[in-house]
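>>> Pasting a predicted model and its sequence here:
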Amino acid sequence: MSTLSPSTASSTATDPLLLIDVDHVRFYVGNAKQAAFFYASAFGFQVEQIADLTTGSRDRAMYLLTQGNIRIILESSLTKDGAAAKESAQYGDGVKDLALTVFDAEKAWKQAIKNGGESAYEPTTYSDDTGSVTFAGLKTYGRAQHSFVSRTGAYALPSLKNGGLFMPGFRMVKDYPLNDYNHKNPCGLKYVDHAVGNVELGKMNTWVKWYEEVLGFAMFKHFDDKDIGTEYSSLMSKVMASGNHLIKMPINEPAAGKKKSQIQEYLDWHDNTAGVQHLALRTDDELTSITELRRRGVDFLTIPETYYETVWKRVNAMLTQHGHTVVKEDHTRVKDLGILVDADDEGYLLQLFTKPLQDRPTLFFEIICRRGSQSFGKGNFKALFESLEVEQDRRGNL
Ligand code: FE2
């Protein structure tokens, strides 16, 4: 574990880099209208707001999708020169921006640049009679960026969470057919638990240092290829966390194996550029969420049957050893739903990973439920990698 950097150690309300929330996650996609329907239908998101030609947005369409405290902006370009058009051609659909709510976006941006960060774009304020939203962009690994977002008046975060508008220029979507259905058949996703980046071989420590120095994050966990490798393919990972643990950002790099690392496969299909590999979405009830997501047709990784021959002994021994109650979820249902379980000294977690969300083997989701454990399912890496290798092999990428 590294020590806290000075800006983390002194985090107070006056620290410009104090993070309030994950403001939103912005995806650049080829067709936001169709992507909105997919994420609503498969994952139960509300298609809540829109900015497009009908609201006077002549160059891009944006959809705000919400579920719990998760806000996703799906953006596509209306012209060939738009950023989303260019990047979706280059990288496929994926995450562009993990945007962070702060008290003053301009101050946060200036501080991050003073700390060695590079600007993605200058602070810009959008306002009307009711309030304002300020955005300021910081480049991070590869094609990804962090926007700092600060909000006032009708656009303040509490208002947004209560159904207020995202920013000037958006309008509410009325009568979206799936919204009522999703309200009655919830998937139970609550917030972004962590966001994982894949970076190039040899670059993990560069970005670990970047998060420490530029954003004042500290290292939370560290895994090496002995933890997370099979005989064939492996990776290394360090988990960075903001000072208040609002967001955790594991950073992966490929590790050598007999066959191709899953991280290298991602990079190969992401124009050899680092980017967001997965978003972990938190639920309070893994079984109910996975049951509903499977019913909707979400494509999850298949876990080898043999996994369940040893998992309960491994996990419950760890829990008993540290004085925790054993896994309360029904073991048969966990197995039938193909859910992964892991434990550490603080408790246990349930998790499951989707297959890629688009044709390229790049971005996917994790659905995670924590029962005390704050880690990332290290005990599952081996089973998981075996499953991933089967998929990589099917794609001809192993
Ligand atoms: Fe994860």
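Alright, I've got the coordinates.

>>> For the rest of this, base every contact and every neighbour count on C-alpha atoms.
Will do.

>>> Who are the contact partners of Lys86?
Lys80 (C-alpha atoms under 8 Å, 6 or more residues apart in numbering).

>>> how much space between it and Ala40?
25 Å (C-alpha to C-alpha, to the nearest Å).

>>> quick one: average pLDDT of the helix or strand where Leu100 lies?
Assigned by DSSP states H and E, Leu100 belongs to strand 94-101. Mean pLDDT, strand 94-101: 98.

>>> Which neighbouring elements make contact with it?
Taking 3 or more C-alpha pairs under 8 Å, 6 or more residues apart in numbering; DSSP states H and E as contact, the helices and strands that strand 94-101 lies on are strand 21-28, strand 145-153, strand 275-283.

>>> Check which strands are paired with that strand and give the direction for each one.
strand 21-28 (antiparallel), strand 145-153 (parallel) (DSSP bridges).

>>> that older thread, TSV for the helices and strands packed on strand 94-101, including mean neighbour count and mean pLDDT?
Below are the helices and strands packed on strand 94-101 laid out as TSV (neighbours: other C-alpha atoms under 10 Å; pLDDT from 0 to 100):
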stretch	mean neighbour count	mean pLDDT
strand 21-28	23	98
strand 145-153	24	98
strand 275-283	24	98
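
>>> Would you mind giving those as CSV with distance to Val214 added?
Compiled in CSV, those are given as follows (distance: least, C-alpha to C-alpha, whole Å):
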stretch, distance to Val214
strand 21-28, 17
strand 145-153, 12
strand 275-283, 18
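
>>> For Asp193, which of the ones you listed is the nearest?
strand 275-283 (5.4 Å; C-alpha to C-alpha).

>>> The closest residue to Tyr307 other than its chain neighbours: neighbour count?
Leaving aside its chain neighbours, Tyr307 sits nearest to Ala383 (6.7 Å; criterion: C-alpha to C-alpha, 6 or more residues apart in numbering). By the criterion of other C-alpha atoms under 10 Å, Ala383 has 19 neighbours.

>>> Next up, the contacts around Ala383.
Applying C-alpha under 8 Å, 6+ apart, the residues contacting Ala383 are Ile303, Pro304, Tyr307.

>>> Pro304 too?
Pro304 touches Ala383, Glu386, Ser387, counting by C-alpha under 8 Å, 6+ apart.

>>> just to revisit the earlier point, mind putting the contacts of Ala383 into TSV with secondary structure?
Converted to TSV, the contacts of Ala383 look like this (DSSP: H, G, I helix; E, B strand; the rest coil):
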residue	secondary structure
Ile303	coil
Pro304	coil
Tyr307	helix
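
>>> so Phe166 touches Gly153, yeah?
No. Contact criterion C-alpha atoms under 8 Å: Phe166 and Gly153 do not qualify, at 11.7 Å.

>>> quick one: low-confidence ranges for this protein?
1-13, 221-234, 258 (pLDDT under 70).

>>> Let me see the domain layout of it.
Under the assignment automatic domain parsing, the domains of the chain span 3-184, 189-395.

>>> what's the closest non-adjacent residue to the spatially most central residue of the chain?
Ranked by distance to the mean C-alpha position of the chain (C-alpha atoms, centre = their mean), the top residue is Leu279 at 2.3 Å. Nearest residue to Leu279 in three dimensions, chain neighbours excluded: Ala195, at 4.6 Å (C-alpha to C-alpha, 6+ apart).

>>> Contacts for the one helix or strand the one you found maps to next, please.
Following DSSP H and E, one finds Ala195 within strand 189-198. Identification of contacts with strand 189-198 by C-alpha under 8 Å, 6+ apart yields 22, 67-70, 141, 247-253, 263, 266-267, 274-284, 289, 367-368.

>>> If we go by neighbour counts, what in that strand is buried?
Neighbour counts over strand 189-198 (16 or more other C-alpha atoms under 10 Å) mark Leu189, Tyr191, Val192, Asp193, His194, Ala195, Val196, Gly197, Asn198 as buried.

>>> now do stretch 372-390
Those buried within stretch 372-390 under the rule 16+ other C-alpha under 10 Å are 373-377, 379-386, 388-389.

>>> Please apply the same query to stretch 389-398.
Quick answer for stretch 389-398 (16+ other C-alpha under 10 Å): Glu389, Glu391, Gln392, Asn397, Leu398.

>>> Having no further points to raise, I will conclude here.
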